[in-house]
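[1] Predicted model, plus sequence, below.
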Amino acid sequence: MVRSKSLGSRLVTILIYALMILAAFLSLAPLVNTIAISFSSGTAAASGSVNFIPVQFSWQSYAKIIADHAFWQAFGVSVMRVLVGGSLSLVLTVLMAFPLSRSQEQFPARNIYMWVLIFAMLFSGGMIPTYMVVYKLGLINSFWSLVLPGAVNIWNVILMMNFFKGIPNALEEAAVIDGASPLQILLKIYLPLAIPSLATITLFTVVGYWNDFFSGLIYINDQTKIPLQTYLQQLSIQAQNLTMMSKEEIMALARVSSLSLNSAKILVSMIPILLIYPLMQRFLVKGLVLGAVKE
Amino acid sequence: MELTMHRKKKLIKARKPAARKFVMAYHLMLLPGIILLILFNFLPMFGIIMAFQDFVPARGFLHSTWVGLAHFQYMFSLPDSFQIFRNTIVIAGGKIIFGTLVPIIFALLLNEIRVKWFKQTVQTIVYLPNFLSWVVLGAVFTMILANEGMVNQFLGIFGIQPISFLASNTWFQPIMIITDVWKGYGYATIIYLAAMTSINPDLYESAALDGANRWQNMIHITLPAIMPMVILVATLSLGNILSAGFDQIYNLYNPIVYPTGDIIDTYVYRFGLRGAQYSFGAAVGLLKSVISLVLIVISYKLAKKFAHYTLF
């Protein structure tokens, strides 16, 4: 590579590095600030003197969380939701993607199913009719209202389908001659080849279920059954339920609420995501690009 | 050629009995997913009829009184409606524009970096916020943007008086756009960077022989190479113009900023669901769904035309 090493070029390089470091800093700063606040005393946090280093260091917030029954109950609901919903969604996605990846010749009804899926993806009944259906199905206050409505993610089905399409047909033909059933072909040939896509979809599904607070907000009234994000949302939004408040009143309320305790709760809620993210990261670029770049 | 065609036909014929068995299995594999789609996607679509009724949950979809287009007429007569549609389009439009531009610039700059571990670390860090919920980020930004929060502390160094960002109708919309771009730009960056790795290095070498500098390389080689992907991402995001981000706004707004921060989804939630004006809420939601559908179809057509992208 011929690359001029003039002073100007070197300055530009330094500038680019500086900008990248700034971007990384901006991505992490809010989180570091939250960590610092969670380890500070309540008064220091409320006074606004905490930036990136805890002031009047204290474990108190975390000690309080350990004894907080409601927090762990909500945490448990979220873990169950991710386990049950995540595995259900993954199985459904794979089961739907495989037949749809067959050619029209192999599966004549393919295109009809495809149009059904596309229509369901592009058009929706909207928030209120969906709520009414869940209500009429008797799922209000049921764990299943947190799992079933979002279990089929059509975008993931299409991503998976496009991946399956890229697998050479010859592999399948050989298996058919050996007398393999469609399910065996899917499980023994296609799935092992689809690990990067599976990992990407698993990550998105798990994160999606873990982060969703809206289902818990509208479908669950029983405080013992709400998922963690809905629980956290109630903590930080309480002020807004009192409509018509002056600016000063809102600010006062924000000050009174226990900043460091809430920060600690927020951080504990992020732990599963922070654990799973680096594990899945190495598959992510591959899986993402496979889904996005399609001829 | 003819021979292979002939063999192919023969093969299909030979497989026919097995194929029929396979087709049955394919239907069965699709069944559980389709049942869930019928329950939670298609039944709500039929539920849309409530937008033309005075829906009472106890009476159900079949026995509620029909009112025709009354809810739509009411919606258009409300002064709020215009404001809510405008807020939605301004916020969503800003997100689409900056959400497209920022990752392009960022990916171009990051691509200039030769130190691999540095590049990957930056990529990983800026992608991280994408995985955090708006509940979490809402609480975090509420702290940071408060009067005694980090941002105002920083501005204080320059003698600027504290600004109540989230209680200001001047600041609320820009804050929604900035925080959304902040959260999301790492994702598009990764896609663009991947597209850049597939550029033929010969192009850069011959450009270097012609005496091209870094800037010229960027504009004449790298940017055109990722352009199809950019067009694809941009056109596909067009369908979101009426979805300004319920999760984000719901977790950051308050009554003071309703004039600039209230969007269609938050409005439907507050009045339709919490206020129990079910039919009115469904009517507003229906209008949104229909406009979105039209826009999505247009954007897919555009994506097909300009980026040769087909979904399936």
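    Sure thing, it's come through.
[2] can you list the domains in the chain?
    As the question left the chain open, I've gone with chain A. Using automatic domain parsing, the domain parsing of chain A gives A:7-47, A:64-292.
[3] I was after chain B.
    Split by automatic domain parsing, chain B gives B:2-66, B:78-307.
[4] what about A:Leu261, neighbour count?
    Around A:Leu261 there are 21 other residues, counting by other C-beta atoms under 10 Å in any protein chain shown. The way it works is simple: take the backbone N, C-alpha and C, and place the C-beta from them, glycine included.
[5] What's the end-to-end length of stretch A:164-172?
    11 Å (C-alpha to C-alpha, to the nearest Å).
[6] My read is that A:Gly208 contacts A:Val147, right?
    No - between A:Gly208 and A:Val147 there is no contact under C-beta atoms under 8 Å: 11.6 Å.
[7] and those two? which has more neighbours close in?
    Relative neighbour count places A:Val147 above the other of A:Gly208 and A:Val147, with 21 against 17, counting by other C-beta under 10 Å.
[8] measure the closest residue to that one other than its chain neighbours to A:Val91 for me?
    Nearest residue to A:Val147, sequence neighbours excluded (C-beta to C-beta, 6 or more residues apart in numbering or on different chains): A:Gly85, at 4.1 Å. From A:Gly85 across to A:Val91, the span is 11 Å (C-beta to C-beta, to the nearest Å).
[9] So for these two, which sits in the more crowded spot?
    With neighbours defined as other C-beta under 10 Å, A:Gly85 and A:Val91 compare such that A:Gly85 has more, 24 against 13.
[10] helix, strand or coil for the closest residue to chain A within the stretch 101-250 of chain B?
    Across the stretch 101-250 of chain B, the shortest distance to chain A (C-beta to the nearest C-beta) belongs to B:Glu148, at 2.7 Å. Secondary structure, DSSP: H, G, I helix; E, B strand; the rest coil: B:Glu148 is coil.
[11] neighbours around the nearest residue to it once chain neighbours are set aside, how many?
    In space, and not counting its chain neighbours, B:Glu148 is closest to A:Gly48: 2.7 Å by C-beta to C-beta, 6+ apart. By other C-beta under 10 Å, the residues close to A:Gly48 number 20.
[12] circling back to that earlier point, and the domains of chain B, which one is worst for confidence?
    Ranked on mean pLDDT, the bottom entry among the domains of chain B is domain B:2-66, at a mean of 78.
[13] Run a quick neighbour tally on A:Val82.
    Counted with other C-beta under 10 Å, A:Val82 comes out at 20.
[14] separation between it and chain B?
    The gap separating A:Val82 from chain B is 13 Å, by C-beta to the nearest C-beta, to the nearest Å.
[15] That residue: what's it in contact with?
    If you count contacts by C-beta atoms under 8 Å, 6 or more residues apart in numbering or on different chains, A:Val82 has them with A:206, A:209-210, A:272.
[16] Looking at the residues you listed, which two lie furthest apart in space?
    A:Tyr209 and A:Pro272 (10.6 Å; C-beta to C-beta).
[17] Got phi/psi on B:Thr65?
    When read as degrees, to the nearest 10, the backbone of B:Thr65 gives phi -70, psi 140.
[18] Skipping adjacent residues, who's closest to it in space?
    Closest residue in space to B:Thr65, ignoring its immediate chain neighbours: B:Asp54 at 4.6 Å, by C-beta to C-beta, 6+ apart.
[19] ok, that neighbour - contacts?
    Counting by C-beta under 8 Å, 6+ apart, B:Asp54 touches B:64-65, B:67, B:279.
[20] sorry, back to before: with neighbour numbers in mind, choose between A:Tyr209 and A:Pro272.
    For A:Tyr209 and A:Pro272, the more surrounded residue by other C-beta under 10 Å is A:Tyr209, and the numbers stand at 23 against 17.
[21] quick one: the more buried one and B:Ala303, what's the gap?
    For A:Tyr209, the distance to B:Ala303 - C-beta to C-beta - is 29 Å.
[22] now swap in A:Val176 and tell me
    36 Å.
[23] Now whatever residue of the stretch 151-300 of chain B ends up closest to chain A: which helix or strand?
    When scored by C-beta to the nearest C-beta, the stretch 151-300 of chain B has B:Gly285 as its residue closest to chain A, at 3.0 Å. Under the criterion of DSSP states H and E, B:Gly285 resides in helix B:278-307.
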